[in-house]
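J.: what follows is a predicted structure for the sequence shown.
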Amino acid sequence: MPKKITGLSELKIRQAKPGEKPYKLFDGDGLFLLITPPGGKLWRIKYRIGGKEKTLSLGKYPALSLAEARTSLTDAKKLLAHGQDPAQVKKADKEHLQDITQNTFEKIALEWFNNQSLIWSSSHIKKTRSRLDNDVLPWIGSRPIRQLTPKEILELLKRVESRGAGETAHRIKVIISQVFRFAIASERADADPTANLTGALQPVISSHFAAVTAPDKLGDLLRAIDGYQGTFVVKCALMLAPMLFVRPGELRQAEWKNINLEESEWELITSKTKTPLKVPLSTQAVGVFKELYPLTGSGRYVFPSIRSQSRPMSENAILAALRNMGYDKSEVTGHGFRATARTMLVEVLQFRPDIVEHQLGHNVKDPLGRAYNRAEFLADRIKMMQVWADYLDMLREGTGAKILPFKTHTG
């Protein structure tokens with residue numbers, strides 16, 4: 001076995017010949033060159049940390065020169081002086097580099113797409129994939145998702161908007177936001193840059209008063225709510241808002257004492273007419289309340305403020321959540337869920353208008369002009385609320401629109 005050499009030079013390294021067994025050429029301070037039988041020359045650093053001896057691999061000679069290896073030794077000694085393990089730092093740097101180079105927007109977008117398409121209708125799958133392939137991936141697909149900026153995404157959206165496809169630009173913004181939230185959940189992104197683009201696009205002029213009244217668009221909204229990554233309290237409020245279609249203030253100020261999960265009902269005083277209203281709870285609504293109860297059930301409010309359990313959730317919480325999901329106020333509001341339910345229950349699901357109006361908490365009169373008692377139509381309303389919740393599930397899964405197509409109101 002060749003004799004160990006100290007104080008290396010380029011000449012000594014070049015003249016070093018392989019032996020039958022691996023051997024080391026030492027330079028000093030733990031830096032050495034490992035000569036392997038096949039002729040490989042590998043830089044290594046031997047060091048101690050936490051009472052244990054460890055070895056750090058640097059690279060191959062001549063790709064890594066003697067001077068560069070010594071610089072790496074100096075860097076390693078600096079880390080050790082600060083109590084850091086050079087091998088762990090190198091591993092973390094390598095993982096960070098892989099994260100940047102491998103986790104492109106396209107890779108994560110396709111993961112998200114393949115995951116979500118399992119519950120989508122064929123038409124929604126086709127439309128979403130077309131928007132990704134034609135308007136998103138060619139521009140930002142190859143970019144590391146962590147490095148994407150709001151400016152880049154806005155340029156992409158403005159390009160779509162400039163061809164007169166304003167509504168499509170808003171839909172694409174929602175898609176990009178959902179991809180980012182998927183990446184955040186898997187720790188491959190830190191923030192959703194689309195949250196900084198609120199108001200950056202031209203509002204879409206809609207004939208509906210900030211309400212979604214087409215099944216496919218409502219399905220999109222319900223799926224966006226499913227993917228909401230904000231607080232659990234706000235997400236539950238978002239899930240219940242279209243399902244129960246009470247006034248926004250009535251929802252956010254809901255109190256646990258008025259909710260009977262065993263009887264599947266919620267009794268409240270309407271904020272507009274100050275009269276009692278019984279809200280039948282579908283099995284889906286009961287499920288949401290039961291999931292939320294361990295978190296807020298010990299307090300007064302179902303949806304307490306994030307700052308104080310003694311106050312209800314802010315009146316802007318749901319609006320802000322909708323904005324963060326990519327929905328401008330011209331598209332949908334918390335109050336708009338009432339218009340959505342009123343339109344679709346009557347025109348799509350064919351429920352009698354007086355039953356729907358009763359559940360909306362409006363004053364409903366009989367043919368003689370007398371106000372109905374609030375207990376009227378309870379059995380019909382119980383059935384209606386369950387049918388409505390089931391229909392929302394079908395829309396969310398992408399099947400409801402095919403079963404019950406929307407009929408345009410003509411009256």
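T.: Now that the structure is in, tell me what you want to look at.
J.: only C-alpha atoms for contact and neighbour calcs from this point on.
T.: Noted.
J.: where in the stretch 301-411 of the chain is pLDDT low?
T.: 330-331, 363-376, 399-411 (pLDDT under 70).
J.: and if we set it to 80?
T.: Scanning the stretch 301-411 of the chain for pLDDT under 80 picks out the ranges 326-335, 362-377, 398-411.
J.: where do the helices sit along it?
T.: Using DSSP state H, counting those that start in this stretch, the helices assigned to the stretch 301-411 of the chain run over residues 317-324, 336-347, 353-359, 378-397, 400-403.
J.: I'd like these laid out as JSON lines, including distance to residue 247 and mean neighbour count.
T.: What follows is the helices of the stretch 301-411 of the chain, written out as JSON lines (distance: least, C-alpha to C-alpha, whole Å; neighbours: other C-alpha atoms under 10 Å):
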{"stretch": "helix 317-324", "distance to residue 247": "12", "mean neighbour count": "20"}
{"stretch": "helix 336-347", "distance to residue 247": "7", "mean neighbour count": "21"}
{"stretch": "helix 353-359", "distance to residue 247": "11", "mean neighbour count": "19"}
{"stretch": "helix 378-397", "distance to residue 247": "16", "mean neighbour count": "19"}
{"stretch": "helix 400-403", "distance to residue 247": "25", "mean neighbour count": "16"}
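J.: between these, which one is nearest to residue 190?
T.: helix 317-324 (15.2 Å; C-alpha to C-alpha).
J.: in TSV: the helices of the stretch 301-411 of the chain, plus distance to residue 195.
T.: Listed next are the helices of the stretch 301-411 of the chain as TSV, based on distance: least, C-alpha to C-alpha, whole Å:
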stretch	distance to residue 195
helix 317-324	5
helix 336-347	22
helix 353-359	35
helix 378-397	23
helix 400-403	29
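J.: now the closest residue to residue 173 other than its chain neighbours: how far from residue 119?
T.: Excluding its sequence neighbours, the residue lying closest to residue 173 (C-alpha to C-alpha, 6 or more residues apart in numbering) is residue 326, at 6.2 Å. As judged by C-alpha to C-alpha, to the nearest Å, residue 326 and residue 119 stand 21 Å apart.
J.: okay, the two: which has more neighbours?
T.: residue 326 (26 against 17; other C-alpha atoms under 10 Å).
J.: show me what contacts the more buried one?
T.: 170, 171, 173, 174, 177, 194, 195, 198 (C-alpha atoms under 8 Å, 6 or more residues apart in numbering).
J.: could you tell me which of these belong to helices?
T.: 170, 171, 173, 174, 177 (DSSP state H).
J.: would you confirm that the fourth one contacts residue 323?
T.: In this case it means residue 174. No - the pair residue 174 and residue 323 does not pass the contact test of C-alpha atoms under 8 Å, sitting 9.9 Å apart.
J.: how many neighbours does the residue nearest to residue 44 when sequence neighbours are not counted have?
T.: Distances taken as C-alpha to C-alpha, 6+ apart put residue 57 closest to residue 44, at 4.8 Å, once the chain neighbours are dropped. Neighbour count for residue 57, taken as other C-alpha under 10 Å: 13.
J.: what helix or strand is residue 57 on?
T.: strand 52-60 (DSSP states H and E).
J.: what's downstream of that strand, the next helix or strand?
T.: In the C-terminal direction, the helix or strand that comes right after strand 52-60 (DSSP H and E) is helix 66-81.
J.: separation between the closest residue to residue 345 other than its chain neighbours and residue 8?
T.: Nearest residue to residue 345 in three dimensions, chain neighbours excluded: residue 351, at 5.7 Å (C-alpha to C-alpha, 6+ apart). As judged by C-alpha to C-alpha, residue 351 and residue 8 stand 89 Å apart.
J.: over to residue 56?
T.: 18 Å.
J.: equivalent analysis for residue 133, please.
T.: From residue 133 over to residue 8 (counting by C-alpha to C-alpha), the distance is 56 Å.
J.: and for residue 223?
T.: In terms of C-alpha to C-alpha, residue 223 sits 64 Å off from residue 8.
J.: could you do residue 380 as well?
T.: Distance, residue 380 to residue 8, using C-alpha to C-alpha: 91 Å.
J.: try residue 104
T.: Counting by C-alpha to C-alpha - residue 104 and residue 8 are separated by 43 Å.
J.: so for those two, which residue has more residues nearby?
T.: residue 104 (20 against 16).
J.: give me phi/psi at the spatially closest residue to that one that is not a sequence neighbour?
T.: The shortest distance from residue 104 to any non-neighbouring residue, by C-alpha to C-alpha, 6+ apart, is to residue 144 (4.1 Å). Note on residue 144: backbone dihedrals following degrees, to the nearest 10 are phi -60, psi 130.
J.: can you get me a residue count around residue 144?
T.: Neighbours of residue 144 (other C-alpha under 10 Å): 20.
J.: then residue 153?
T.: Residue 153, neighbours per other C-alpha under 10 Å, totals 19.
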